[in-house]
Each structure stands twice: as C-alpha cells, then as structure tokens.
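*Asks:* Quick one: sequence and predicted model below, then my questions.
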Amino acid sequence: MEIQVLILGLIQGAIEFLPVSSSGHLVLFQKIFGFKEMLFYDVILHFSTLIAVVVLFFKEILTYIKNSRIILNIIILSIPTGIIGLLVKKYFYGVYDNVLLSGFFLFITGVWLIFSERVYLSKSYEKLDIDKIDIMKAFLIGVAQGFAVLPGISRSGFMLGSMLLLNVQKEQSTKFVFIASIPSILGATFIEILDIMEKEIVFLSGYYLLGAIMAFFVGLLSLKFLVVVVKKQKLRYFGYYCFLVGFISFLVFLKVR
C-alpha cells in the first residue's frame, strides 16, 4: 500500500498538468500493478496539485480577478464542463477501468495536440489576447474541458488545443488553461468527497502526506516544463508520447483478456 501511495503521488504530480492524461496513465497502472482505487487519497492529490497551480500562477490569478471579462468567461466555460462531467460519471462510469477505451482516447489526445499546434502555427494573422475571448469561444473551450472526464482525454491538452485552434496567444493560453480549471477541480473534488461520505471510506496513512508533498513539488516542475515546451512550439511531442502510451494500453488489454 505504501508503494502504491508514493507511486500515485508521483504520477499525479508529474502527469496531472502535462497534456498526456493522468487518468489514462492511472487506468494503465491499475491494470499493470493491480492498484486499487483510493478515493480519499485521490482527493488529497487533487488538492495538492491545485495548490501548485495557485502558487505558480498567483500573480496571474490576481490579474484575472480584476478583469470581469475573464472571470465571466471562466464561469461560462465551467458550465458545459460540469454538465458533461456529471453525465459521463452517471451514465458511463464503466469507462474508468477500461484500459482499451483509455488507450483509444489517448490516441485521440495525441491527434488533437498535433493537429491543433499545426493549425495554430499555420495562421499568420494576429493572435487573440486572453481577455479578448468572447462568450462563444469560452463555451467551446468549456466543452473541450468537459470531454476530459474520459480516461485518456487530457484536460490540459484538450483545453490548450481548443484555444490554439481559436487562435488565442499560446503562452497566455497555457496559463489560462490551469487557472480556469480551478473551479472544475474544486467541483470534481467536492463530488469525490460526496462519494467518500456515501461509501463511508475511512482510511488514513502517514504516507498520504508524503505523497501529497511529492505531488505538489513535482507538479510545480511539470507546470514550468509545459510552459517552456509550449513556448518552443514542441507540443506535438506530447502527442507522440500519447500514441506510445495508447499503444501500450492496447497491449495490456490484449494480455489481460
């Protein structure tokens, strides 16, 4: 159990922010190593990575708070995200332990990353600033984020890709993706807490704190790394990586059948 806690903390911190789907990796690791679901620990890890976002982008968050247009867009994009997330969790809960579907969605994420960056680079006209996004664009970004509830679909990847397709300035988009995700992360955490209360899961371990700290610091490094990669226009490499993990997921599915 202790090893599982530490590995999940490392995975959460390293992959949560990278556009390669942490949920897809967790499904794969559960199949390979036989990891069990730990809802309470999952809540702790989400909270740790949320703190990492706040720490790294604290100045940007203060700037956003002063801009009513950005706040409105974050509220608007959170609506379709929440609706899609609730529907999938209610009617398609079985997808969360399906390594075949996870692998398929990882391939979709890879295609999305490569395609969106290529389209963005092909557009020569002026890029949009983050505070120039209109209501319709905000809604579409929220829809993209909503699909990330599926294992293998990267939330950061789909949000960032959608913003690149909408020709929003890439560095501003990267920061916005994570700041705008704060309400959805809080919402998902709240739902997980309700699940814990319903199932009456009570399990505490001293390793939880160590795993949470690991997730926080590794998450900070991952965020900084992603900002550099996007700035250098190398997003497609994450797409290739998604293809690799998706292929491994297919192999694992064939092996466990």
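*Replies:* Cool, got the structure. Residues are numbered from 1 along each chain as shown.
*Asks:* Does residue 57 touch residue 177 like I think?
*Replies:* No. Under the criterion of Cβ atoms under 8 Å, residue 57 makes no contact with residue 177, lying 10.2 Å away. Just so you know, the C-beta spots here come from the backbone N, C-alpha and C atoms, and that holds for glycine as well.
*Asks:* Show me what stretch 72-89 is in contact with.
*Replies:* 64, 95, 133, 135, 137-139, 141-143, 145-147, 149-150, 179-180, 183-184, 187-188, 191 (Cβ atoms under 8 Å, 6 or more residues apart in numbering).
*Asks:* Weed out the non-buried ones from those residues.
*Replies:* 64, 95, 133, 137-138, 141-143, 145-147, 149-150, 179-180, 184, 188 (16 or more other Cβ atoms under 10 Å).
*Asks:* now, which of these lie within helices?
*Replies:* If you go by DSSP state H, these have 64, 137-138, 141-143, 145-146, 179-180, 184, 188 in helices.
*Asks:* between residue 57 and residue 177, which one's more packed in?
*Replies:* residue 177 (26 against 20; other Cβ atoms under 10 Å).
*Asks:* Could you look up the SS state of that one?
*Replies:* Secondary structure, DSSP: H, G, I helix; E, B strand; the rest coil: residue 177 is helix.
*Asks:* how about the nearest residue to the spatially most central residue of the chain, chain neighbours excluded?
*Replies:* Against the mean C-alpha coordinate of the chain, by Cα atoms, centre = their mean, the closest residue is residue 155 at 3.6 Å. Computed as Cβ to Cβ, 6 or more residues apart in numbering, the closest residue to residue 155 that is not its neighbour in sequence is residue 148, at 3.4 Å.
*Asks:* got the buried residues for the host helix or strand of residue 85?
*Replies:* In the assignment (DSSP states H and E), residue 85 maps to helix 68-91. Using 16+ other Cβ under 10 Å as the test for burial, helix 68-91 gives 70, 73-74, 76-78, 80-82, 84-85, 88.
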